[in-house]
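**Q** only geometry, no sequence info:
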């Protein structure tokens, strides 16, 4: 009987540890996604599919320099994985936040930079494949002008 009384407190303790660890990783997202192995930690958190955690993670990633992160070997993989989450997290919420982030990525100089970068072009392809109007047309116009 004694063992059973310990289980709830153990699971609460583990839950709190997990929550604390994920919060710490989110606060240090840039460091993790730039790292050869750390990017897999962030991808694992994304695949856990916790909407609140993913929304915080998406915001933290997009607070950083998206152009720089999209052109790095390891972080570009995370950025590609984050786009579907970005669309999912912000489709039904704050349209203004979504537009700000899309406009940041949709600047002609950033598109040009990504288009001709060995990692950035994959991020740009992912953004194009997930964009809806009017952003899709804007992306396309800029890409056509540049090619």
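**A** Perfect, I can see it now. The shown structure was predicted, so the numbers you read here are calculated from the model rather than taken from an experiment. Numbers count the residues shown, from 1 in each chain.

**Q** Which parts of the protein are helices?
**A** Using DSSP state H, the helices of the chain run over 2-27, 29-34, 38-47, 51-63, 66-70, 75-91, 95-105, 108-115, 120-130, 135-146.

**Q** which secondary structure elements does the last one contact?
**A** Spelled out, that is helix 135-146. In terms of contacts (3 or more CB pairs under 8 Å, 6 or more residues apart in numbering; DSSP states H and E), helix 135-146 is packed against helix 108-115, helix 120-130. All C-beta atoms are positioned from the backbone trio N, CA, C, and that covers glycine.

**Q** and residue 76, which of these is closest to it?
**A** Nearest to residue 76 among those is helix 120-130 (5.5 Å), distances taken as CB to CB.

**Q** quick one: low-confidence ranges for this structure?
**A** Within the chain, the stretches with pLDDT under 70 are 1-8, 87-101, 103-104.

**Q** Against residue 81, how distant is residue 40?
**A** Applying CB to CB, to the nearest Å, the value for residue 40 to residue 81 is 11 Å.
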